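J.: just the structure for this:
(chains A, B and C)
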Amino acid sequence: MNTIDCPTGGSENPTDAICRALARVRRNTPLIHHITNYVTANGCANAVIALGGSPVMADDAGEVEEMVSMASALVLNIGTLNARTVQSMMLAGRKANDLRIPIVLDPVGAGATSLRTRTAHQLVDALHPVVIRGNMSEIKSLAGLDVRTRGVDSTAGLEDAETVAQSLSEKLECVIAITGRIDFVAFEKRICVIRNGHEMLSQITGAGCMTTSLVGTCLGAVKDPWVAAAAGIVCMGVAGELAHEQLQSHEGPGTFKARLLDCIFRLTPEILKASARIEFSGDLLGV
Amino acid sequence: MNTIDCPTGGSENPTDAICRALARVRRNTPLIHHITNYVTANGCANAVIALGGSPVMADDAGEVEEMVSMASALVLNIGTLNARTVQSMMLAGRKANDLRIPIVLDPVGAGATSLRTRTAHQLVDALHPVVIRGNMSEIKSLAGLDVRTRGVDSTAGLEDAETVAQSLSEKLECVIAITGRIDFVAFEKRICVIRNGHEMLSQITGAGCMTTSLVGTCLGAVKDPWVAAAAGIVCMGVAGELAHEQLQSHEGPGTFKARLLDCIFRLTPEILKASARIEFSGDLLGV
Amino acid sequence: MNTIDCPTGGSENPTDAICRALARVRRNTPLIHHITNYVTANGCANAVIALGGSPVMADDAGEVEEMVSMASALVLNIGTLNARTVQSMMLAGRKANDLRIPIVLDPVGAGATSLRTRTAHQLVDALHPVVIRGNMSEIKSLAGLDVRTRGVDSTAGLEDAETVAQSLSEKLECVIAITGRIDFVAFEKRICVIRNGHEMLSQITGAGCMTTSLVGTCLGAVKDPWVAAAAGIVCMGVAGELAHEQLQSHEGPGTFKARLLDCIFRLTPEILKASARIEFSGDLLGV
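T.: Predicted coordinates for the structure are as follows:
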């Protein structure tokens, strides 16, 4: 495991920084304001609680500015976007910007319809999220690359994921996290590759959304958005592995989903430290 | 266990009245109309079915009056309120009033934003719910006391819960139920304190909402709203205890939530009678 | 087991055709666009994934035509209908018609309120779904028969189910599927009666909605809508039986629901073939 210079200035083993993120979440119980979709909202709320945060879902234009003002981070997820909730995202996001409350954006289905692609771009341009987490298709769509997202699933390979994440991160000046079989977290020249997780995570709806919510929860507790993004993703990946280990041969995604929440809840810094599989690509180190 | 005068006139052990509520729900399968939030709607529907009722979620202004007309109780929950659904709550509530169908209100997040506080007050003033169930912060907000709800979680201690519940109940002439580590159910001078439940209930989203839905289900089957409120709360508390007893050391909130529904489903009057921990505060007895 | 003439022209054992539907779903991963309710959307998405499809929920008027264009089938479910989403159903449905993408309609609560009855009729008249799946009350309501749906639950007996399904199928020229304790799938003169399933399916919310989503998933993979409807219903029924077999005596609907998804995921053509209980009523054969 390499040692990197943290953007916060200190020199710290990155796994230690990630473990610290979990400990901080547990200590601070950050309030995480979500404007999100109705398909996976329940799972996202439960994931945030299991990690140690406090979720609140509120999307009326008449209250989102006030609600986000008391939050430690804002999660914007366009999974079932509509004109009303996108307007609320803009209002909440601008208030978050004013108050320097970090925003994580999940551009669900960007590249599948022009409404999603356009809305994702608008939210990025207007609100400057500190982290954007998506699958390869969604991130490629945000990067203006030729891609056709099929519904909300990625159709793009991960071959050029590092390059795409890094260049989009430089362009947008925010953390770009691409999750899939392997995960990539880029903040300008710093990139880490995370090899945790299990294929069963792709057999339940909401694994991506929940990962974004975990990233948001970490964002609400630690300052460095790159550490927060990696921490949220590693927590989901390690919990997914543990949940799968407990699965019996006759069980499947229904039981897995329940156990996934169990395992997020039972994560400790020690478990993370023993299980995290994070690599830093050499030529991107030494920032 | 004290014996109290029931408002229905008879003298009955309150635990017996509560057991009777469950038996009546199972016998009548009351239809419970919900206008509620999208985060916990699924859990609420499943909780109502598990207790023995029949849930229906319908929130379009064009049908709520007709839908509530065939229901035995109306559950109003402002968890993800918006202008459209609040209008539907008003329409459904007024029709419920006309038809003397009981209403239970869950003022989710009252005190957190002025929209929630204001809406909760409007619904109370216009619709006269027979039961209001909330956490300490939400009820304090309704009582006009100084409080700052943090998202949808309570930040207020329970020291003065009895006094707050009782005085608000007298003012609004309805049952006030405050749930938390300990639960308080006040109807004017009658108060009961319920010590069932388990801390794990605070580790899943929707425990409060589901409790309100169970109260609504009991309201649809028994006349006395104080008995119905206590019955719904005791059912959730006892089921929570049983669900936790079945939990193994590696399990957590995901498995707990599934088992919670199992245990609501398997509740019987006998189990309730053996497990209910209800006290009546002496100076409030003898109504 | 009778052998029937398949509408596609071939002569094939119907159980074989159903098994083939599951195999095709697994091979093709059809994208299934849903415009559906917020109560059971999560379960529907998970059921589609477990069967082998890819679900997408999208309901904004600004994107539904584009989204449905890349889908293999469209699921319309009026469980929590409102003016905005009904308009989106019309837009998506018309585009689906233009592109010959099959539609399955779930007329949740038709007969309970005039809005639901009227909307169900409008969707049927305007969009010509190839399959309509409902409970006996809902289908009777669509057939213009005297019925009063109680919320979203059926109050009608199944005595005349075959006749109702068959005559409505002839009138609307689509597959009519009535599900309940026994299931009926009619396409003009062809009717099959399915005796799979378990009573526990009626103890969770969303079993009907999930069945419709499974039918939609099969519609996205096989051409014959009668085979697709029967296949989706048999898959749910067999998975329900298997899930119940695994249930221990202290467990109930919460654990059952998780296991139901496990069992859909673990279905194979061989399991279906061994467990399907389908009969063809003699006088309706030989089409």
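
J.: right, and A:Ala258 touches B:Gly254 too?
T.: Yes: with contact defined as C-beta atoms under 8 Å, A:Ala258 reaches B:Gly254; the gap is 3.7 Å. Where you see a C-beta, it was placed from the backbone N, CA and C, and this is true even at glycine.

J.: now tell me what touches stretch A:92-105 from outside.
T.: Stretch A:92-105 is contacted by residues A:33, A:35, A:64-65, A:67-69, A:71-77, A:120, A:123-124, A:126-133, A:212, A:215-216, A:219-220, A:225, A:228-229 when judged by C-beta atoms under 8 Å, 6 or more residues apart in numbering or on different chains.

J.: buried subset of the residues you listed?
T.: Using 16 or more other C-beta atoms under 10 Å in any protein chain shown as the burial test, the contacts of stretch A:92-105 include A:33, A:35, A:64-65, A:67-68, A:71-77, A:120, A:123-124, A:127-133, A:212, A:215-216, A:219-220, A:225, A:228-229 as buried.

J.: what's the local residue count around A:Gly62?
T.: A:Gly62 sits with 19 neighbouring residues when counted by other C-beta atoms under 10 Å in any protein chain shown.

J.: low-confidence ranges in the stretch 51-200 of chain A?
T.: Residues of the stretch 51-200 of chain A meeting the criterion pLDDT under 70: none.

J.: what sits against the residue of it found nearest chain C?
T.: The nearest approach of the stretch 51-200 of chain A to chain C comes at A:Gly151, 3.5 Å away (C-beta to the nearest C-beta). Residues near A:Gly151 by C-beta under 8 Å, 6+ apart: A:Gly109, A:Ala112, C:Leu31, C:His33, C:Ser54, C:Pro55, C:Val56, C:Met67, C:Met70, C:Ala71.

J.: give me the nearest residue to it, chain neighbours excluded.
T.: Nearest residue to A:Gly151, sequence neighbours excluded (C-beta to C-beta, 6 or more residues apart in numbering or on different chains): C:Val56, at 3.5 Å.

J.: isn't A:Thr80 up against A:Ile35?
T.: No: under the criterion of C-beta under 8 Å, A:Thr80 lies out of contact with A:Ile35, with a separation of 10.9 Å.

J.: how about whatever residue of the stretch 101-250 of chain A ends up closest to chain B, nearest residue that isn't a chain neighbour?
T.: In the stretch 101-250 of chain A, the residue found nearest to chain B is A:Gln246; the distance is 6.8 Å by C-beta to the nearest C-beta. Nearest residue to A:Gln246 in three dimensions, chain neighbours excluded: A:Arg259, at 5.4 Å (C-beta to C-beta, 6+ apart).

J.: next: A:Thr80.
T.: Excluding the flanking residues, the one nearest A:Thr80 by C-beta to C-beta, 6+ apart is A:Asn37, at 3.8 Å.

J.: one more: A:Ala58?
T.: A:Met67 (4.6 Å).

J.: pull the longest helix from chain A.
T.: If you go by DSSP state H, chain A has its longest helix at helix A:225-245.

J.: helices and strands around that helix, which ones?
T.: With contacts taken as 3 or more C-beta pairs under 8 Å, 6 or more residues apart in numbering or on different chains; DSSP states H and E, helix A:225-245 sits against helix A:14-28, strand A:131-134, strand A:175-178, strand A:183-187, strand A:190-194, helix A:207-219, helix A:253-266, helix A:269-275.
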